[in-house]
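[1] quick one, structure for this:
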Amino acid sequence: MANRVTESSIHTRVLANLQRNIQRGEKIQQQLSSGKQINRPSDSPNGTLQSMQLRGETRANNQYVRSANDGLGWLSTLDGTLTSASTLVQRARTLTLQGLNSGSNSVESQNALATEIDQIKSSMIGYANTTYLDRPVFGGTTTQGKAFSDTGDFIGNQDGVTRTIGPNSQLRVDADGVAAFGDGATSVFQMLDNIAVALKANDTTALQAGLEGLDTAANNLKNTLSEVGARYNRVTQMKQSAEDRLLDVTAQLSDVEDVDLPKTIMDMQLQQTSYQAALAASAKVIQPSLIDFLR
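    This is a model prediction of the structure:
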């Protein structure tokens, strides 16, 4: 038995088909205006999951880059400070050698050498209290503004300041003040005090001991500087790795989220053509009724 088709059912189906056609066109229009093929989770549940994962990785790598930049700031400060401190130690060594030239220096000359040694000590304490963003770079995690007192005593701590620069990768970005400058009787500051006293007293034995102490201090500074340089290279490599990964993730995210503009424009044109054709077909299917002729 044939199914009965009424005018009402024809109208309903035609209108429903036109509505679906309009909805498809609206979706393509939304993609064109936003530039995204995923505007809500229902557009692509799997694509939404991938997008969330990629965005999470993007945030993580951005944080790695920021941490690496901060770490490079610390390490650059250390590099410049240690280099300057090493230069001062070499100057102090030269002055000590001059003081060992017995018989060639007057009392005034020895006192002048001692005065310059005292000035070097003051400068060394200033270098030892160098800060980065108001944090002492040789003071560990101390909350004080200094790593060493005005007399050269270590008042910081030896806990390392670290930065996370990659997945499961942390690196120390400060330097151990005790390892670099010493503490107490073995500190470079105490050695300079002893040398200044020995110069005024023309004590060659003490000056010879001071010379050996300065050699040890210079080696300590060089070792710390070498370690800082190695860490600087490591942070630079990890930063580059994070930036490279960011580029990869951005490209993957674009593949998941962004529309193919030429294809979407073509789809929009085809959808408009399809809609116009549907309107024309509907006009032929829905013929005027008797009431329309009687109007």
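[2] list the residues that contact the nearest residue to residue 136 once chain neighbours are set aside.
    Spatial nearest neighbour of residue 136, excluding adjacent residues (Cβ to Cβ, 6 or more residues apart in numbering): residue 147 at 4.1 Å. For every residue, glycine as well, the C-beta is placed using N, CA and C. Contacts for residue 147 (Cβ atoms under 8 Å, 6 or more residues apart in numbering) come out as 128-129, 136-140, 154-156, 177.
[3] and residue 147, what's its pLDDT?
    pLDDT for residue 147: 95.
[4] picking up where we left off before, now which of the contacts of residue 147 would you call buried?
    By neighbour count, with 16 or more other Cβ atoms under 10 Å, the contacts of residue 147 hold 128-129, 136-140, 154, 156, 177 as buried.
[5] how about these in JSON lines, adding pLDDT, secondary structure and distance to residue 208?
    Putting the buried ones among the contacts of residue 147 into JSON lines (pLDDT from 0 to 100; DSSP: H, G, I helix; E, B strand; the rest coil; distance: Cβ to Cβ, whole Å) gives the following:
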{"residue": "128", "pLDDT": "96", "secondary structure": "helix", "distance to residue 208": "25"}
{"residue": "129", "pLDDT": "96", "secondary structure": "coil", "distance to residue 208": "30"}
{"residue": "136", "pLDDT": "96", "secondary structure": "strand", "distance to residue 208": "34"}
{"residue": "137", "pLDDT": "96", "secondary structure": "coil", "distance to residue 208": "33"}
{"residue": "138", "pLDDT": "96", "secondary structure": "coil", "distance to residue 208": "29"}
{"residue": "139", "pLDDT": "95", "secondary structure": "coil", "distance to residue 208": "33"}
{"residue": "140", "pLDDT": "94", "secondary structure": "coil", "distance to residue 208": "34"}
{"residue": "154", "pLDDT": "94", "secondary structure": "strand", "distance to residue 208": "26"}
{"residue": "156", "pLDDT": "93", "secondary structure": "coil", "distance to residue 208": "32"}
{"residue": "177", "pLDDT": "95", "secondary structure": "helix", "distance to residue 208": "27"}
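[6] now render those residues as CSV, adding distance to residue 73.
    Shown next, in CSV, are the buried ones among the contacts of residue 147 (distance: Cβ to Cβ, whole Å):
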residue, distance to residue 73
128, 19
129, 17
136, 14
137, 10
138, 15
139, 16
140, 17
154, 23
156, 19
177, 18
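[7] ok, so of those, who is nearest residue 55?
    Here the nearest of the buried ones among the contacts of residue 147 to residue 55, counting by Cβ to Cβ, is residue 137; it sits at 35.0 Å.
[8] show me what contacts that closest one?
    74, 77-78, 81, 130-131, 147, 174-175.
[9] so which of the residues you listed are in helices?
    The members of these that map onto helices under DSSP state H are 74, 77-78, 81.
[10] quick one: list the elements packing against the strand or helix carrying residue 49.
    Residue 49 is part of helix 45-100, with elements assigned from DSSP states H and E. Applying 3 or more Cβ pairs under 8 Å, 6 or more residues apart in numbering; DSSP states H and E, one finds that helix 45-100 contacts helix 107-128, strand 131-132, strand 162-166, helix 177-181, helix 188-201, helix 204-257.
[11] ok, residues contacting the shortest one?
    I take that to be strand 131-132. Contacts of strand 131-132 (Cβ under 8 Å, 6+ apart): 73-74, 77, 137, 145.
[12] okay, now the unreliable bits of the stretch 101-250 of the chain?
    Applying pLDDT under 70 to the stretch 101-250 of the chain flags residues 102-105.
[13] please report the distance of the residue sitting nearest the centre point of the chain from residue 54.
    The residue lying closest to the centre of the chain (Cα atoms, centre = their mean) is residue 66, at 1.9 Å. Using Cβ to Cβ, to the nearest Å, residue 66 is found at 19 Å from residue 54.
[14] and residue 195, by the same measure?
    For residue 195 relative to residue 54 (Cβ to Cβ), the value is 62 Å.
[15] can you lay out the ones in helices among the contacts of residue 137 as JSON lines showing neighbour count and pLDDT?
    Output for these, formatted as JSON lines (neighbours: other Cβ atoms under 10 Å; pLDDT from 0 to 100):
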{"residue": "74", "neighbour count": "23", "pLDDT": "97"}
{"residue": "77", "neighbour count": "20", "pLDDT": "96"}
{"residue": "78", "neighbour count": "25", "pLDDT": "96"}
{"residue": "81", "neighbour count": "24", "pLDDT": "96"}
